[in-house]
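> Build me a model:
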Amino acid sequence: MRRLVPLLAVLTSAILVPQASSAATGPPLGKKANAGAYGEGWGKPHPGRIYLGGVPSGLAYKIKWASWGSRMAYGRGWSPQYKPQGGYYRKSVRVQFRATNLGTCRGNSTNRYRRLLIRKQERPGGPWEPWHSWGLNLCAGNYWEPPVYTSCEVEIPDNEDSIIDRISYLDIDCATAATVIEANPWPNLAVESEESESHDYLHAGFQCSGYTSTIWDGEVETDERQASWSCINWQDGSYLAYRQR
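Here you go, the predicted structure:
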């Protein structure tokens with residue numbers, strides 16, 4: 001029996017001594033510098049609260065993450081939401097996140113999520129907004145600093161009424177950009193719309209949102225109109241932007 005005592009003591013000790021928690025482990029979300037003066041959650045692994053540091057709609061809380069550390073992490077939580085007429089709904093809406101683009105930033109060997117996608121319910125219990133970004137380049141010091149885009153010229157089928165230009169993208173190639181642009185069901189939106197319009201379309205995992213506006217020449221408003229489109233792939237975080245005019 002004497003030989004059992006040390007063994008029992010070791011087993012008991014292993015049970016009673018608290019183990020190091022893994023709650024603070026894993027790749028961080030962007031950099032701490034993304035937080036600015038008032039932001040929260042940036043530069044931390046699987047944050048339960050993320051705040052852009054401005055208006056209430058830039059806050060998400062009670063976030064629960066799955067697959068943190070894998071190629072893409074999935075988060076769910078709650079966030080304040082604007083009312084169309086102004087102000088905020090009394091109840092928060094559900095929010096979903098996708099942290100992606102896992103890799104290192106220049107000058108730092110720490111693996112981190114460098115892109116964050118988000119979508120919210122339009123209203124409490126309502127449908128979902130399109131996916132968009134809360135940071136395309138989280139290696140930057142501030143979440144709103146633009147990444148370095150790759151741009152290209154693509155061959156689009158002849159369209160006598162509309163011109164495609166200002167094509168830029170992240171993590172895709174020109175051929176993929178061309179297929180997404182060709183799939184646009186409003187190829188002449190810029191020239192056919194007389195007032196501000198907005199439209200959405202889906203193609204090959206890309207969720208595209210576009211809006212029309214007047215082209216300005218310096219401080220002078222011209223008669224020309226343009227449609228600006230931004231497309232984000234909710235499956236991997238790749239991005240495309242282009243303009244119709």
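
> Contacts for stretch 27-42, please.
With contacts defined as Cβ atoms under 8 Å, 6 or more residues apart in numbering, stretch 27-42 is touched by 43-54, 68-69, 99, 102, 105, 110-114, 116, 135, 138-143. Where you see a C-beta, it was placed from the backbone N, CA and C, and this is true even at glycine.

> how about 7 Å then?
For stretch 27-42, the external contacting residues (Cβ atoms under 7 Å, 6 or more residues apart in numbering) are 43-45, 47, 49-53, 69, 99, 102, 105, 111-114, 116, 135, 138-139, 141-143.

> What of stretch 101-114?
With contact meaning Cβ under 7 Å, 6+ apart, stretch 101-114 is reached by 27-31, 71, 73, 99-100, 115, 137-139, 237.

> repeat that with 8 Å
When contacts are defined by Cβ under 8 Å, 6+ apart, stretch 101-114 is touched by residues 27-31, 71, 73, 99-100, 115, 137-139, 171, 237.

> what do you get for stretch 55-70?
The contact list for stretch 55-70 (Cβ under 8 Å, 6+ apart) reads 26-27, 45-52, 73-82, 88, 95, 97, 99, 118.

> Now the buried members of those.
The neighbour-count test (16 or more other Cβ atoms under 10 Å) marks 26-27, 45-48, 50-52, 73, 75, 77-82, 95, 97, 99, 118 as buried among the contacts of stretch 55-70.

> So which of those sit within strands?
Judged by DSSP state E, the subset of those located in strands is 50-51, 73, 75, 77-79, 95, 97, 99, 118.

> who wins for most neighbours among the contacts of stretch 101-114?
With neighbours taken as other Cβ atoms under 10 Å, the top of the contacts of stretch 101-114 is A99, carrying 31 neighbours.

> which residues sit in contact with that one?
A99 sits in contact with 29, 65, 68, 72-73, 75, 113, 115-117, where contact means Cβ under 8 Å, 6+ apart.

> returning to what we had before: among the contacts of stretch 27-42, which are in helices?
Using DSSP state H, no member of those falls in helices.

> host element of I232?
Under the criterion of DSSP states H and E, I232 resides in strand 220-233.

> Let's see that strand as CSV, backbone CA atoms only.
This file holds the C-alpha atoms of strand 220-233, laid out as CSV (Å, rounded to 0.1, in the frame of the first residue of the first chain):
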residue,chain,number,x,y,z
VAL,A,220,-17.8,71.0,-60.7
GLU,A,221,-20.6,68.5,-61.0
THR,A,222,-20.8,67.0,-64.5
ASP,A,223,-23.7,65.4,-66.5
GLU,A,224,-22.0,62.0,-66.4
ARG,A,225,-22.9,59.3,-64.0
GLN,A,226,-20.9,56.4,-62.6
ALA,A,227,-21.7,53.1,-60.9
SER,A,228,-19.2,52.0,-58.3
TRP,A,229,-19.1,48.3,-57.5
SER,A,230,-17.4,46.4,-54.7
CYS,A,231,-17.4,42.6,-54.5
ILE,A,232,-16.3,40.5,-51.6
ASN,A,233,-16.0,36.7,-51.6
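
> Now it: buried residues?
Buried residues in strand 220-233 (16+ other Cβ under 10 Å): 225-233.

> which secondary structure elements does that strand contact?
Applying 3 or more Cβ pairs under 8 Å, 6 or more residues apart in numbering; DSSP states H and E, one finds that strand 220-233 contacts strand 132-133, helix 189-192, strand 206-217, strand 239-244.

> most packed of these?
Of these, the one with the most neighbours on average (mean count of other Cβ atoms under 10 Å) is strand 239-244, at a mean of 22.

> lowest-pLDDT helix or strand in this protein?
Here the helix or strand of the chain ranked lowest by mean pLDDT, DSSP states H and E is helix 4-16, holding a mean of 35.

> Distance of D217 relative to E224?
9 Å (Cβ to Cβ, to the nearest Å).

> Sweet, I'm off.
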